[in-house]
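In: Next one to model:
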Amino acid sequence: MLSESKVNLLEDVALIDTLQSSKETSDEVKQALDQAEITMKKIDDTREQFRQCGRQASILFFVLNDLVKIDPMYQFSLDWYKALFQRSIEESREQMFQDRYKSITRYHTLQVYRQACRSLFEKHKLLLSMQMCVKLQMAEGVVNEDEWNFFLRGGQVLDRST
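Out: A predicted model of the protein is given here:
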């Protein structure tokens with residue numbers, strides 16, 4: 001419209017209305033983009049919080065998976081574990097914790113222990129508790145892996161004469 005205008009730009013009412021409309025549309029789009037950016041940041045922050053929940057769930061699965069080293073009867077399928085995790089998400093909605101991911105994590109950890117203990121011999125339940133505790137603390141950096149290996153295996157002396 002600017003290039004085709006035959007009259008003075010200040011006198012062309014249709015052109016001025018179109019430019020005003022374009023400016024309003026531009027402002028609306030800018031506001032929508034700003035709002036979308038804020039929403040994306042909230043989504044990213046929430047995702048990062050739930051990533052901790054997923055990390056802990058994966059650690060617990062591998063603790064259960066390691067039980068087969070104790071007794072070949074202790075085998076837990078990934079499908080069973082995924083169903084347990086899904087049920088933990090659904091059931092934890094009823095509990096009132098301030099943070100949703102903490103609620104899921106607490107409830108799921110308890111359910112993993114309860115469900116796994118159903119299939120363990122009594123003498124292995126304490127071992128499961130210890131493994132769960134140590135592996136979760138190792139992931140948080142509370143327990144050093146070298147110190148844990150020293151605890152399990154003891155010190156190894158290379159030269160027995162000293």
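In: Please make it C-alpha for all contacts and neighbour counts, starting now.
Out: Will do.
In: Helices of the chain, residue ranges please.
Out: Taking DSSP state H, the helices of the chain run over residues 13-66, 78-92, 100-118, 122-140, 145-153.
In: Report how many residues lie close to Phe62.
Out: Phe62 is flanked by 13 other residues according to other CA atoms under 10 Å.
In: ditto for the one 3 residues further on
Out: Asn65 is flanked by 15 other residues according to other CA under 10 Å.
In: Please apply the same query to Leu78.
Out: By the criterion of other CA under 10 Å, Leu78 has 11 neighbours.
In: right, and the helices of the chain - which one's nearest Pro72?
Out: helix 13-66 (10.1 Å; CA to CA).
In: Identify the residue spatially nearest to Ser88, adjacent ones excluded.
Out: In this structure, Ser88 finds its nearest non-sequential neighbour in His108, 5.2 Å apart by CA to CA, 6 or more residues apart in numbering.
In: ok so, going back, now that we have the helices of the chain, can you turn them into JSON lines and tack on mean pLDDT?
Out: Output for the helices of the chain, formatted as JSON lines (pLDDT from 0 to 100):
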{"stretch": "helix 13-66", "mean pLDDT": "89"}
{"stretch": "helix 78-92", "mean pLDDT": "91"}
{"stretch": "helix 100-118", "mean pLDDT": "91"}
{"stretch": "helix 122-140", "mean pLDDT": "94"}
{"stretch": "helix 145-153", "mean pLDDT": "87"}
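In: Dump the ones you listed into JSON lines; add distance to Pro72 as well.
Out: Formatted as JSON lines, the helices of the chain follow (distance: least, CA to CA, whole Å):
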{"stretch": "helix 13-66", "distance to Pro72": "10"}
{"stretch": "helix 78-92", "distance to Pro72": "16"}
{"stretch": "helix 100-118", "distance to Pro72": "14"}
{"stretch": "helix 122-140", "distance to Pro72": "13"}
{"stretch": "helix 145-153", "distance to Pro72": "21"}
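In: Go ahead and confirm the residue nearest to Ser88 touches Gln86.
Out: No: if you go by CA atoms under 8 Å, His108 and Gln86 don't touch, sitting 9.2 Å apart.
In: For the two, indicate the residue with more neighbours.
Out: His108 (24 against 14).
In: List the contacts of the more buried one.
Out: 57, 84-85, 88-89 (CA atoms under 8 Å, 6 or more residues apart in numbering).
In: among these, which two are most distant?
Out: Taking CA to CA as the measure, these span a maximum distance of 11.4 Å, between Ala57 and Ile89.
In: Same drill for the two, tell me which one is more crowded.
Out: Per other CA under 10 Å, whichever of Ala57 and Ile89 has more neighbours is Ala57, with 21 against 18.
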